[in-house]
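> sharing a model prediction with you, sequence too.
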Amino acid sequence: MKAPLLPLLLAVATLAISTPALARSCLPYGPLKVTLSGTLERKTFPGAPDFEDVKQGDQPETGYYLRLPSAMCVAASAKTQQQAHDGVGELQLVLDQAQYAHLAGEIGQTVRLTGTLLEASTGHHHAPVLLKVDAIDGD
């Protein structure tokens, strides 16, 4: 009687340990829109030709990033073949010229942005997940 009980207890213990991770809701990739708040940062990374070092001649690539107050996860998308990402604490922002200008005075401030998530896909993407911004709170 004791032998069948042990596997059952192990199964229950495993389920109890993994339930918080399963219960956590990850955000979706586009076309669904998400609204996120965080600190706006401006960062520069090395670009072409080697994507290694601006001091060695690579072009600087400066962009805006949203630093989240706590890490989030993004669910995989079978439709678009974008992978799941866990522990995402920063998003690279995809902005148009008007949005860059609008946010220029907000560096270091908390901002609230709405848009669609997409996975990094080129050497110009410097975070695993990007937010294509559709709206800036207060617009």
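The structure has been received and is ready for your questions. Numbering: from 1, shown residues only.

> tell me how many other residues crowd the nearest residue to residue 113 once chain neighbours are set aside.
Closest residue to residue 113 apart from its sequence neighbours, by C-beta to C-beta, 6 or more residues apart in numbering: residue 133 at 5.1 Å. Glycine gets a C-beta too; all of them are placed from N, C-alpha and C. For residue 133, the count of nearby residues is 23 (other C-beta atoms under 10 Å).

> ok, now residue 50?
Residue 50: 12 neighbours (other C-beta under 10 Å).

> same question for residue 29.
For residue 29, using other C-beta under 10 Å, the count is 21.

> same deal with residue 82?
Look at residue 82: counted by other C-beta under 10 Å, it has 20 neighbours.

> next one: it from residue 118, what distance?
7 Å (C-beta to C-beta, to the nearest Å).

> with residue 89 instead?
Distance, residue 89 to residue 118, using C-beta to C-beta: 17 Å.

> who's more crowded, the two?
Legend: neighbour count by other C-beta under 10 Å for residue 89 and residue 118, higher for residue 118 (20 against 13).

> check contacts around that one.
29-30, 82, 94, 129-130, 132 (C-beta atoms under 8 Å, 6 or more residues apart in numbering).

> who's the closest residue to residue 67 other than its chain neighbours bridged to?
Computed as C-beta to C-beta, 6+ apart, the closest residue to residue 67 that is not its neighbour in sequence is residue 39, at 4.4 Å. Beta bridges link residue 39 to residue 67, residue 110, judged by DSSP bridges.
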